[in-house]
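J.: Have a look at this prediction, sequence included:
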Amino acid sequence: MPVTVVIGSQWGDEGKGKIVDLLSAQVDIVARYQGGANAGHTICIGDETHVLHLVPSGIFHEGTQCVIGNGVVIDPVALMEEIRMIRKLGIDVAGRLFISHNAHLIMPYHKRIEEVRERARDAGAIGTTGRGIGPAYVDKFARTGIRVVDLLDRDVLRKKLRLNIEEKNAILREVYKEEELDVEAIVEEYVEFDKLIDPFVTDTTALLGEALADGKEILAEGAQGSLLDVDFGTYPFVTSSHPTAGGACTGLGIPPTAINRIIAIVKAYTTRVGNGPFPTELDDEVGQHLRDIGHEYGATTGRPRRCGWLDLVALNYTSRINGFTELAITKLDVMSGLDQVRAATRYEVEGGKVTTRFPSHLEGLKKASPLYETLPGWSENLTQVETLDGLPEAARSYLDFVSKNLNVPISYVSTGPKRSQTIAVDGVAA
Ligand code: GDP
Ligand code: IMO
Ligand code: MG
């Protein structure tokens, strides 16, 4: 069976872009299934670093097709900017990039509503990326959203846009006492996208279905992370989509039975951007070490990422809901130089109870204290290590500990941002 799903197992920024880029060489199609330009997937090729927000991370492999599925919310301005950036690198996207005609669009009013809502929430703000993601998915489910296909018919677009903007203006005016948006300026800007986007638009579910029938290999690229899933994450401090495995089916129109590999991207420690509980967060010199050495600053917003120890309680939970078949452990190199390394294996929750179960609601999670296993650290630089045997014993023990605790085998170990800085564990083709 030919579908591999690559999933962020934590709170995003695990290094999905790097691993997807690496695996793209083995597949025919890379397809994004959810989220939008809130994602920032970093790919380092040679000495150059590129950040992709909407275009799948397979675009740097010439023979690989890229699909933006129906489950993604597309900001046409951001998309066109990204296509321009990719073309400037000498990469031809024509005939390689396909966009679902049913994907929903992010409009200026989504970003505006998000901005005023976050401001109004004050201390309770989610700390979103400001890309309009939440309000765009709200409109999708309210059945008032505008889809890519609507961009191709100027009359339909004008009508839908006017109706939507008038409604959003009423909200801005009456609820938030904020300035209204200029209906006509937006209508005139967005009708111009028809010619630009038209060459890429297609029925991607048909394209993917035919590819499956032809025995082609598809890689579904998740954005964000499982703990940001709107159902399974740390609600309300989540994104508004399904980064988890099921999202690949609904976001692309592929059957669950077509999926045979679910690769969890696991950062060797934990990071989180934005607000919300984070039991293993470190507000000390170890946290600062991880942020400094790991360059933990957001690829989309530049915000410093909160850093902490690996959380195996959370990872066992995300493994259970996703059905991870393999692990790709990233950024192991960043942990060099720590005397000891720790991983939470249990939480002490309200009433002093000790559990391995991830609390299912926010208040329970807020009160949870992690209980750690402590392992020896290592000082060696890992960035040139090419085999598992070449890793220091303490680093190997840490990997073994993680894999055993999760009961999932490790396929890849990443020791630097470049493609070449990846150890493919025996029996796995890199
Ligand atoms: P994504 O959103 O999951 O694709 O991850 P991001 O691109 O937002 O963040 C991961 C960051 O870590 C990027 O700057 C990558 O270049 C970098 N990175 C990925 N893998 C490794 C690794 O193994 N070691 C180090 N040092 N950096 C890595
Ligand atoms: P990648 O794909 C890390 C976080 C935001 C915020 C919450 C909601 O690069 O891993 P949103 O803008 O989605 O409504 O914000 O989710 N968030 C991410 N954190 N990596 C991401 O994507 C993220 N996308 C959203 O910081 O806490
Ligand atoms: Mg990222």
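T.: Arrived safely. Ligands and ions are numbered 1, 2, ... in the order given.
J.: Enumerate the residues of the stretch 151-300 of the chain near ligand 3.
T.: residue 299 (C-beta under 5 Å from the ion). In this view, the C-beta of every residue, glycine as well, is placed from N, C-alpha and C.
J.: Mind jotting down where the strands sit in the stretch 151-300 of the chain?
T.: Listed in chain order, the strands of the stretch 151-300 of the chain (DSSP state E, counting those that start in this stretch) span 201-202, 218-221, 259-267, 270-272.
J.: Please work out which of the ones you listed is packed deepest.
T.: strand 218-221 (a mean of 28; mean count of other C-beta atoms under 10 Å).
J.: Give the pairing partners of that one; include direction for each.
T.: The pairing partners recorded for strand 218-221 under DSSP bridges are strand 3-8 (parallel), strand 29-32 (parallel).
J.: Tell me which of these approaches ligand 2 most closely.
T.: The closest of the strands paired with strand 218-221 to ligand 2 is strand 3-8. By C-beta to the nearest ligand atom, the value is 5.3 Å.
J.: ok now the closest one, how far from the chain's centre?
T.: Distance of strand 3-8 from the chain centroid (C-alpha atoms, centre = their mean, to the nearest Å) equals 11 Å.
J.: for the next helix or strand along the chain from that strand, packing partners?
T.: Using DSSP states H and E, the helix or strand that directly follows strand 3-8 along the chain is helix 16-24. Judged by 3 or more C-beta pairs under 8 Å, 6 or more residues apart in numbering; DSSP states H and E, the packing partners of helix 16-24 are strand 3-8, strand 41-45, strand 218-221, strand 259-267, strand 326-330, strand 410-414, strand 422-424.
J.: can the second one be found next to ligand 3?
T.: No: legend: contact between strand 41-45 and ligand 3 by C-beta under 5 Å from the ion is lacking; minimum distance shown is 5.7 Å.
J.: can I get the CA coordinates of that strand in PDB?
T.: Taking Å, rounded to 0.1, in the frame of the first residue of the first chain, the C-alpha atoms of strand 41-45 are listed here in PDB:
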ATOM      1  CA  HIS A  41       8.600  24.100   7.100                       C
ATOM      2  CA  THR A  42      12.300  24.600   6.800                       C
ATOM      3  CA  ILE A  43      14.400  22.900   4.200                       C
ATOM      4  CA  CYS A  44      18.200  23.300   4.000                       C
ATOM      5  CA  ILE A  45      19.800  22.400   0.700                       C
END
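J.: thinking again about what came up before, can you say which of the strands of the stretch 151-300 of the chain is nearest to ligand 2?
T.: Ligand 2 lies closest to strand 270-272 among the strands of the stretch 151-300 of the chain, at 7.2 Å (C-beta to the nearest ligand atom).
J.: How about residues contacting that closest one?
T.: Residues outside strand 270-272 that contact it (C-beta atoms under 8 Å, 6 or more residues apart in numbering) are 10-13, 278, 280-281, 290, 294, 296, 305-311, 314.
J.: Tell me the strands beside it, with direction?
T.: Sheet pairing for strand 270-272, using DSSP bridges, gives strand 306-308 (antiparallel).
J.: how about the nearest residue to the residue in the stretch 151-300 of the chain that ligand 1 sits nearest to, chain neighbours excluded?
T.: In the stretch 151-300 of the chain, no residue comes nearer to ligand 1 than residue 299, which is 3.8 Å away by C-beta to the nearest ligand atom. In space, and not counting its chain neighbours, residue 299 is closest to residue 40: 2.9 Å by C-beta to C-beta, 6 or more residues apart in numbering.
J.: same deal with residue 306?
T.: In this structure, residue 306 finds its nearest non-sequential neighbour in residue 272, 4.7 Å apart by C-beta to C-beta, 6+ apart.
J.: Show the contacting residues for residue 119.
T.: Per C-beta under 8 Å, 6+ apart, neighbours of residue 119: residue 125.
J.: With ligand 3 as the reference, measure out to it.
T.: To ligand 3, residue 119 is 24 Å away according to C-beta to the ion, to the nearest Å.
J.: Can you tell me the closest non-neighbouring residue to residue 278?
T.: Residue 278 sits nearest to residue 272 (C-beta to C-beta, 6+ apart), 4.9 Å away.
J.: Return the nearest residue of the stretch 51-200 of the chain with respect to ligand 3.
T.: Of all residues in the stretch 51-200 of the chain, the one sitting closest to ligand 3 is residue 51 (8.0 Å; C-beta to the ion).
J.: would you list the helices and strands packed on helix 16-24 in JSON lines and tack on mean pLDDT and distance to ligand 2?
T.: Converted to JSON lines, the helices and strands packed on helix 16-24 look like this (pLDDT from 0 to 100; distance: least, C-beta to the nearest ligand atom, whole Å):
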{"stretch": "strand 3-8", "mean pLDDT": "98", "distance to ligand 2": "5"}
{"stretch": "strand 41-45", "mean pLDDT": "96", "distance to ligand 2": "6"}
{"stretch": "strand 218-221", "mean pLDDT": "98", "distance to ligand 2": "9"}
{"stretch": "strand 259-267", "mean pLDDT": "98", "distance to ligand 2": "9"}
{"stretch": "strand 326-330", "mean pLDDT": "98", "distance to ligand 2": "12"}
{"stretch": "strand 410-414", "mean pLDDT": "98", "distance to ligand 2": "15"}
{"stretch": "strand 422-424", "mean pLDDT": "97", "distance to ligand 2": "19"}
